[in-house]
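Peer 1: model this:
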Amino acid sequence: MLVEALTYPFIFLAVFFEVFLLVTFLSEPARERRSRALSTQTPKVAVVVPCWNEQNTIQGTVESLLALDYPADKLEIILVDDGSTDNTPAVMDQYAENPQVTVIHKENGGKHTAMNLGIEKAHDAVYVGCLDADSYVAPDALREIIAYFDDEKVAAVTCAMSVWDPKTLLERMQNADYIHGITLRHVISSLNGLYVTPGPFSFFRRDIVLKVGGFRNAHNTEDLEMALRLQNAGYILENAPRARVYTKTPLTVRALVKQRTRWTTGFLRNVIYDYRHMIGNKQFGTLGLFMIPIGLIANVSGIVMFGVIVVRTVQAIWNQIALVSGFPLLYTLTPHVSFSFLFFPVSFIMLLSLIMLMGAVTTMLVGKHISKTSGNLFVGIIMYMTFYGLIAPIWLIRSMYDLITGTRRGWR
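Peer 2: Coordinates of the predicted model:
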């Protein structure tokens, strides 16, 4: 009973969070944001593409930017090679003669230095965006984003991310997770609670980014730290739920765990080391009172829930061994299964878990609908429900270990 009791508060919070998302989705601020039309204004913008060893994807990234539905004389594309050791510089140089494209080569200094150099070179731009060199944008994405800069207090606008051409089961699982994030960012932005401006196609007011001091290394999560710094300075972060961008994702479980470990450790270090004054601080509204605390709780709950599952599994195996001890081996190995819904063991924990999963699935379907993202989510949802809860604890445990021990891991 003690083991089960540990799970009640975490499952309840998860259910509460899913219900909160869906209820807020129906609120007036969220509905107003979904109804915004494409912008008819075309201010001068620049998109900075920081590159490090992206020879296989950079060409597709640049071509998607050149295909944007935006006046060519108002759109500048700045490619910054951050000391690549593969063929990336040569691929970038193919666009050097294009009047829309500026190509810059520099020594390796980290993504934040490449972003800052690109922003510095974008002298005439009102807004500057970032696009990772393994991501691709929909033609109308930029016009969708510009429409959300109508308030001068809006310092940044994020987009709707999903996975580029998901084929493998792991990619489909990640796609379901990303589309769940579309709903999350859309809903939370209506309450100004965003705490990350993702690398794939987030846009900023250039003067504000320069005012707050540009990007920092920020524990290898410069996009998260910039969002927190902007919120700390009193600015608003928005989300354009129909501004679609597609990104490449890890192809192996090992690579996925490494990526998510970096993200999670970056969140923990930024919040606990640099922005702990925001935790529970009503001055920062939804971000301080709700999003940051629930983000911290989620990391702990994932580890606790995984531990409970391990303990219960070991107990079940031990009980089964004790039950069949003394029986002939042939009888023990032969299945003896009878099933009836009338005797199905329904518990309160099982009921809450089912509600939580259904809430997550509903949130994914909502995200797919509002972003108008194409493709079938069925396989991705099944993979998410089956395996995500088994893989996520790995990076949560590693992140907590890195935080406690001060371990620093590389970008890739």
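Peer 1: What sits closest to Ala141 if chain neighbours are left out?
Peer 2: The shortest distance from Ala141 to any non-neighbouring residue, by Cβ to Cβ, 6 or more residues apart in numbering, is to Ala243 (4.3 Å). Backbone N, C-alpha and C define where each C-beta goes, glycine included.
Peer 1: same question but for Thr286, I mixed them up
Peer 2: Using Cβ to Cβ, 6+ apart, the nearest residue to Thr286 is Gly193, at 3.6 Å.
Peer 1: Next: Leu210.
Peer 2: Leaving aside its chain neighbours, Leu210 sits nearest to Ile119 (7.1 Å; criterion: Cβ to Cβ, 6+ apart).
Peer 1: residue boundaries of the strands in this structure?
Peer 2: 45-51, 75-82, 101-106, 127-130, 135-137, 154-163, 202-205, 236-247 (DSSP state E).
Peer 1: Go through those strands and name the closest to Leu13.
Peer 2: strand 236-247 (23.1 Å; Cβ to Cβ).
Peer 1: pull the CA atoms of that closest one into CSV?
Peer 2: Taking Å, rounded to 0.1, in the frame of the first residue of the first chain, the C-alpha atoms of strand 236-247 are listed here in CSV:
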residue,chain,number,x,y,z
ILE,A,236,5.6,38.2,-23.5
LEU,A,237,6.2,35.0,-25.4
GLU,A,238,3.7,33.9,-28.0
ASN,A,239,3.0,30.8,-30.0
ALA,A,240,1.7,30.5,-33.6
PRO,A,241,0.0,27.1,-33.7
ARG,A,242,-0.3,27.0,-37.5
ALA,A,243,3.3,28.0,-38.2
ARG,A,244,4.5,24.5,-39.1
VAL,A,245,8.2,23.4,-38.9
TYR,A,246,9.4,19.9,-39.3
THR,A,247,12.6,18.7,-37.7
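Peer 1: got the angle between it and strand 154-163?
Peer 2: On the basis of axes from the mean of the first three to the mean of the last three Cα atoms, to 10 degrees, strand 236-247 is oriented at 30 degrees to strand 154-163.
Peer 1: how far out from the middle of the chain is strand 236-247?
Peer 2: 11 Å (Cα atoms, centre = their mean, to the nearest Å).
Peer 1: That strand packs against which elements?
Peer 2: Other elements packing on strand 236-247 under the criterion 3 or more Cβ pairs under 8 Å, 6 or more residues apart in numbering; DSSP states H and E are helix 28-34, strand 135-137, helix 141-146, strand 154-163, helix 169-189, helix 222-232, helix 348-371.
Peer 1: Now with 7 Å, please.
Peer 2: Using 3 or more Cβ pairs under 7 Å, 6 or more residues apart in numbering; DSSP states H and E as the contact test, the elements touching strand 236-247 are strand 135-137, helix 141-146, strand 154-163, helix 169-189, helix 222-232, helix 348-371.
Peer 1: Tell me the strands beside it, with direction?
Peer 2: strand 135-137 (antiparallel), strand 154-163 (parallel) (DSSP bridges).
Peer 1: what's the offset of the first one from the middle of its chain?
Peer 2: How far strand 135-137 lies from its chain's middle: 15 Å, per Cα atoms, centre = their mean.
Peer 1: residues making contact with it?
Peer 2: Strand 135-137 has contacts (Cβ atoms under 7 Å, 6 or more residues apart in numbering) with 60-61, 64-65, 68, 131, 164, 200-201, 245-247.
Peer 1: which among those residues gets closest to Gly214?
Peer 2: Each of the contacts of strand 135-137 was checked against Gly214 using Cβ to Cβ; the closest is Leu131, at 17.5 Å.
Peer 1: so that closest one sits right up against Pro198, yeah?
Peer 2: No. Using Cβ atoms under 7 Å, Leu131 is not in contact with Pro198, being 10.3 Å away.
Peer 1: Looking only at neighbour counts, state which of those two leads.
Peer 2: Counted by other Cβ atoms under 10 Å, Leu131 and Pro198 do not tie: Leu131 has more neighbours, with 26 against 21.
Peer 1: quick one on the thing from earlier: looking at the strands paired with strand 236-247, which is buried most?
Peer 2: Mean neighbour count, computed with mean count of other Cβ atoms under 10 Å, is highest for strand 154-163 among those, reaching a mean of 26.
Peer 1: returning to what we had before: adding mean pLDDT and distance to Leu377, write the strands paired with strand 236-247 out as CSV.
Peer 2: Shown next, in CSV, are the strands paired with strand 236-247 (pLDDT from 0 to 100; distance: least, Cβ to Cβ, whole Å):
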stretch, mean pLDDT, distance to Leu377
strand 135-137, 97, 19
strand 154-163, 98, 10
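Peer 1: can you tell me which of these comes nearest to Ile78?
Peer 2: strand 135-137 (15.1 Å).
Peer 1: where does the chain dip in pLDDT?
Peer 2: Where the chain drops to pLDDT under 70, the residues are 1-6, 320, 322-349, 411-412.
Peer 1: cutoff 50 now
Peer 2: Where the chain drops to pLDDT under 50, the residues are 339, 341-344.
Peer 1: max-length helix in it?
Peer 2: The residue-count maximum for a helix in the chain (DSSP state H) belongs to helix 292-324.
Peer 1: that older thread, ok, the residue nearest to Thr286 to Gln231 distance?
Peer 2: Relative to Gln231, Gly193 is positioned 9 Å away (Cβ to Cβ, to the nearest Å).
Peer 1: joint contacts of those two?
Peer 2: Common neighbours of Gly193 and Gln231 (Cβ under 7 Å, 6+ apart) are Leu287.
Peer 1: What distance do you get for Glu28 to Leu191?
Peer 2: Glu28 is 12 Å from Leu191, by Cβ to Cβ.
Peer 1: Name the residue in the two with the higher neighbour count.
Peer 2: Counted by other Cβ under 10 Å, Glu28 and Leu191 do not tie: Leu191 has more neighbours, with 17 against 8.
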